[in-house]
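Chemist: next input, structure requested:
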Amino acid sequence: MRNLDEHTVTQAVLDLIAGTPDARLKFILTGLITHLHDFAREVKMTESELQAGIDFLTKTGHKCDDKRQEFILLSDVLGLSMLTVAMNNRKPEGCTESTVFGPFHVDGAPAYENGADIANGASGEPCLVTGTVKDRNGVPIAGAELHVWQADSVGNYDVQYPDLETHQGRGVLRSQEDGSFEFRTVVAVAYPIPVDGPVGDLLLATGRHPWRPAHLHFMIKAKNYQTLVTHVFRNGDQYLDSDAVFGVRQTLVADWVKQADGRYTLNYDFVLNPANQAH
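Modeler: Residues are numbered from 1 along each chain as shown. Just a heads-up that it's a prediction; the model follows:
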């Protein structure tokens, strides 16, 4: 491997991983190395630019903790998250579409009974959310596990408040025998993704806004069905066509309806795809 140059170093690296026992790992690394080297040659990357990229990734890692995942945020704003979601969640027509997971889901959210208030003190206008979980034939799915999380009226998730001692705006409940569910919460609002880290610096450098349209996050699990990770977006939001993380799908847009008593209601029906079936 002596006397390698810009044209021969790529093959030298590929030769060294040729014996990788895991075939899938070998395939992924081969593609990654090939594309990275081709990219560097294409843009004529300088040593200082490479160092700047390494510094950026280092800062991204330093921004991560048990309540925030800056690398997910980076993947989201580059469209990589949504690309991967689209490739891996092809479904028959009529099934609820998937979208990005986002960086603010946490394990251990409190369990609630149907009709409970999952806002648990989060600021915002009151809202009643109802809907059903069914299969493609309209058969109710009882006992489906619904994980829900959302931001409050100022656009923050509970985990963004360092001194908050209890979860707010998130919870886990189960669909009833007829597939229905309901819970009380607060109205979803548009909010900017965090810009106090390297991802924010990237958006600023590229002239992009950080805003996401108002939405609720859902992850729905049921035996013998594919797990669904999705949002429900608020119709009329000004950022539906410029979501910072490219997550909007028209089928996921719904109306938040203001009632005479000032409370809002949202109704949305989810359709799950059977496990091991794709379009």
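Chemist: and residue 195, backbone torsions?
Modeler: With angles defined as degrees, to the nearest 10, residue 195 sits at phi -120, psi 10.
Chemist: what's the closest non-adjacent residue to it?
Modeler: Nearest in space to residue 195, with sequence neighbours left out and distances taken as Cβ to Cβ, 6 or more residues apart in numbering, is residue 210 at 5.1 Å. Glycine gets a C-beta too; all of them are placed from N, C-alpha and C.
Chemist: count of neighbours near the one you found?
Modeler: Residue 210: 18 surrounding residues under other Cβ atoms under 10 Å.
Chemist: quick one, what contacts residue 105?
Modeler: Residues near residue 105 by Cβ atoms under 8 Å, 6 or more residues apart in numbering: 147, 149, 217, 219.
Chemist: just give me the neighbour total for the closest residue to residue 91 other than its chain neighbours.
Modeler: Closest residue in space to residue 91, ignoring its immediate chain neighbours: residue 273 at 4.8 Å, by Cβ to Cβ, 6+ apart. Other residues near residue 273 come to 22 when the count uses other Cβ under 10 Å.
Chemist: just the pLDDT for residue 3.
Modeler: Residue 3 carries a pLDDT value of 88.
Chemist: before we move on, what about the one 5 residues further on?
Modeler: Residue 8 is assigned a pLDDT of 96 by the prediction.
Chemist: what sits against it?
Modeler: Residue 8 touches nothing, counting by Cβ under 8 Å, 6+ apart.
Chemist: can I get the contacts of residue 105 in CSV with secondary structure?
Modeler: Output for those, formatted as CSV (DSSP: H, G, I helix; E, B strand; the rest coil):
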residue, secondary structure
147, strand
149, strand
217, strand
219, strand
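Chemist: in a markdown table: those residues, plus distance to residue 180 and neighbour count.
Modeler: Formatted as a markdown table, these follow (distance: Cβ to Cβ, whole Å; neighbours: other Cβ atoms under 10 Å):
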| residue | distance to residue 180 | neighbour count |
| --- | --- | --- |
| 147 | 17 | 19 |
| 149 | 20 | 24 |
| 217 | 20 | 23 |
| 219 | 18 | 16 |
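Chemist: want to throw those residues into TSV with pLDDT and distance to residue 11?
Modeler: Output for the contacts of residue 105, formatted as TSV (pLDDT from 0 to 100; distance: Cβ to Cβ, whole Å):
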residue	pLDDT	distance to residue 11
147	98	47
149	98	47
217	98	45
219	98	43
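Chemist: would you reformat those as JSON lines and include distance to residue 78?
Modeler: Shown next, in JSON lines, are the contacts of residue 105 (distance: Cβ to Cβ, whole Å):
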{"residue": "147", "distance to residue 78": "25"}
{"residue": "149", "distance to residue 78": "23"}
{"residue": "217", "distance to residue 78": "20"}
{"residue": "219", "distance to residue 78": "22"}
